[in-house]
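A.B. asks: No sequence on hand, only this structure:
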């Protein structure tokens with residue numbers, strides 16, 4: 001059977017965390033968006049437990065971070081190796097910890113947000129082919145019909161397509177893209193179990209060279225165990241021997257905590273791979289479809305969510321016709337190096353965990369201890385793990401803050417004579433108390449120093465042609481010298497200046513707005 005479907009601005013293939021965050025961002029921007037998911041039912045399989053600080057900041061800018069934090073446990077330090085811990089509690093963020101929560105909580109909240117904003121989620125929809133031309137992309141889709149379960153074949157067309165469909169991405173295969181890399185760990189055992197004894201930490205992990213084990217809680221009395229036995233590496237199709245799982249855990253951790261009642265077991269192998277490009281014409285890749293690596297460090301889901309945060313506002317601008325030249329190309333330029341660095345970090349962590357010789361493990365422990373006690377080194381390492389240290393390329397001669405993560409600064413809130421909060425430059429919106437709350441509208445936010453009446457009027461005139469894309473706010477605390485920041489919707493600094501003269505600064509600001517936000521709105525530009 002064949003059927004046709006209504007066109008969408010953007011079709012997203014895959015309803016994992018990456019695709020769902022992207023769908024919410026697009027729908028929130030008014031873009032007609034549909035997510036196609038091959039699975040008919042929600043998956044109870046949890047691949048990820050760790051939500052790092054930068055991901056929580058991105059979720060905070062979407063209003064869902066605090067609710068997600070309530071679903072899990074927070075850990076203020078991460079075990080490196082040999083009892084050495086990396087402190088996170090001193091990180092300059094609202095979220096100085098790693099959140100441990102099953103992936104299905106993240107998916108649930110992002111799916112609820114996407115639907116509430118108007119995104120369509122179609123389950124039982126399997127993509128089988130892809131064609132694109134200069135005007136759009138056609139996807140061949142088989143959809144499970146209601147009732148008798150018959151498959152209905154059809155074509156869906158969109159202006160853009162994003163593949164967030166995982167390591168075996170149909171979209172990537174349809175584009176003919178290779179996925180170069182290698183398998184780095186074979187025959188990893190997975191199990192969901194109960195424990196008679198509660199581990200002392202929220203996350204428990206260690207490796208001896210011949211064995212490795214990791215334990216994380218679901219929060220409902222069940223635990224996920226990942227274990228590896230160097231001396232017994234068999235194909236993924238081999239069933240997990242529960243006695244072996246317990247023995248390997250005892251060898252790695254010193255105890256199996258009374259492991260019992262396995263409800264699910266499996267084997268898998270871990271790959272390191274990265275697509276050579278994240279964009280082919282009107283088709284993009286994000287998350288595991290673009291890059292995959294070991295579970296070490298819990299970096300996979302986090303990197304995919306940050307891919308989506310980078311791409312969403314750019315695609316929205318392209319659909320709405322306001323994207324400046326090269327904006328969509330900046331996705332590859334910014335996110336590909338991040339993916340490469342994540343692969344290197346994950347590989348280094350895995351090699352350290354699987355170090356075989358006693359001498360090498362001793363060196364590993366000493367190096368980890370030094371790295372976590374020397375503040376600049378510890379900060380750099382924490383920045384890589386949490387992604388707080390991620391920054392994007394800036395033009396030559398740009399302000400040092402350009403491309404960096406924008407800190408969540410408090411904003412000045414003014415009040416009229418009645419004590420009511422005064423609306424900001426967009427009359428329908430009040431000034432929120434923090435930058436990341438201001439970003440929840442999906443707009444750019446211009447952080448401008450407090451100005452006098454005449455200077456403020458010049459600023460309003462300068463921003464007016466872009467006021468449909470830019471909100472203006474003033475930090476609660478003044479800086480010296482005064483700093484102007486144009487913050488992107490994904491909470492990175494697009495442009496910065498310390499120009500003290502508002503008139504001169506306004507000219508530079510106009511250029512920055514045109515460069516990042518596109519052409520001014522004609523009617524507003526005339527006024």
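C.D. replies: Arrived safely, thanks for sending. Everything numeric in this text was worked out from a predicted model, so none of it was measured.
A.B. asks: can you give me the helices in the stretch 351-500 of the chain?
C.D. replies: 358-373, 375-386, 435-438, 453-463 (DSSP state H, counting those that start in this stretch).
A.B. asks: same check, this time on the stretch 101-250 of the chain
C.D. replies: Per DSSP H, counting those that start in this stretch, the stretch 101-250 of the chain has helices spanning 103-117, 170-175, 242-253. These are given in chain order.
A.B. asks: Now tabulate the ones you listed in JSON lines and tack on mean neighbour count, mean pLDDT and distance to residue 9.
C.D. replies: Bear in mind the C-beta positions are built from the backbone N, C-alpha and C, glycine included. Listed next are the helices of the stretch 101-250 of the chain as JSON lines, based on neighbours: other C-beta atoms under 10 Å; pLDDT from 0 to 100; distance: least, C-beta to C-beta, whole Å:
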{"stretch": "helix 103-117", "mean neighbour count": "20", "mean pLDDT": "97", "distance to residue 9": "14"}
{"stretch": "helix 170-175", "mean neighbour count": "21", "mean pLDDT": "98", "distance to residue 9": "17"}
{"stretch": "helix 242-253", "mean neighbour count": "19", "mean pLDDT": "95", "distance to residue 9": "47"}
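A.B. asks: which stretch in the helices of the stretch 351-500 of the chain has the least confidence?
C.D. replies: Sorting these by mean pLDDT places helix 358-373 lowest, at a mean of 54.
A.B. asks: re the thing from before, out of the helices of the stretch 101-250 of the chain, which comes closest to residue 444?
C.D. replies: Evaluated with C-beta to C-beta, these place helix 103-117 nearest to residue 444, the distance being 19.0 Å.
A.B. asks: by contact count, what packs against that closest one?
C.D. replies: helix 17-28, helix 65-69, strand 120-123 (3 or more C-beta pairs under 8 Å, 6 or more residues apart in numbering; DSSP states H and E).
A.B. asks: Just tell me which of the ones you listed ends up closest to residue 101.
C.D. replies: In terms of C-beta to C-beta, the element of the helices and strands packed on helix 103-117 nearest to residue 101 is helix 65-69, at 6.6 Å.
A.B. asks: Can you get me a residue count around the nearest residue to residue 495 once chain neighbours are set aside?
C.D. replies: Nearest non-adjacent residue to residue 495, counting by C-beta to C-beta, 6 or more residues apart in numbering: residue 512, 3.7 Å away. By other C-beta atoms under 10 Å, the residues close to residue 512 number 19.
A.B. asks: Give the ranges of residues in the chain that sit below the confidence cut-off.
C.D. replies: 1-6, 42-45, 79-85, 145-149, 352-378, 414-431, 500-505, 523-527 (pLDDT under 70).
A.B. asks: need the contact list for residue 236.
C.D. replies: 187, 266, 267, 268, 269 (C-beta atoms under 8 Å, 6 or more residues apart in numbering).
A.B. asks: So the third one sits against residue 226, correct?
C.D. replies: No: the pair residue 267 / residue 226 is not scored as a contact, 10.6 Å apart, by C-beta atoms under 8 Å.
A.B. asks: Now do the shared contacts for the two.
C.D. replies: Shared contacts of residue 267 and residue 226 (C-beta under 8 Å, 6+ apart): 188, 189, 190.
A.B. asks: Dump these into JSON lines; add neighbour count and distance to residue 457 as well.
C.D. replies: Listed next are these as JSON lines, based on neighbours: other C-beta atoms under 10 Å; distance: C-beta to C-beta, whole Å:
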{"residue": "188", "neighbour count": "21", "distance to residue 457": "63"}
{"residue": "189", "neighbour count": "25", "distance to residue 457": "67"}
{"residue": "190", "neighbour count": "17", "distance to residue 457": "62"}
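A.B. asks: Go through those and say which is closest to residue 109.
C.D. replies: residue 190 (24.2 Å).
A.B. asks: for that closest one, what are its contacts?
C.D. replies: Applying C-beta under 8 Å, 6+ apart, we find residue 190 in contact with 224, 225, 226, 240, 264, 265, 266, 267, 268.
A.B. asks: sorry, back to before: is there a quick PyMOL command that grabs whichever of the contacts of residue 236 are buried?
C.D. replies: Under the burial definition 16 or more other C-beta atoms under 10 Å, those of these that qualify are selected in PyMOL by:
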select buried, resi 187+267
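A.B. asks: What about the contacts of residue 236, which are in strands?
C.D. replies: In strands, defined here by DSSP state E, the members of the contacts of residue 236 are 187, 266, 267, 268, 269.
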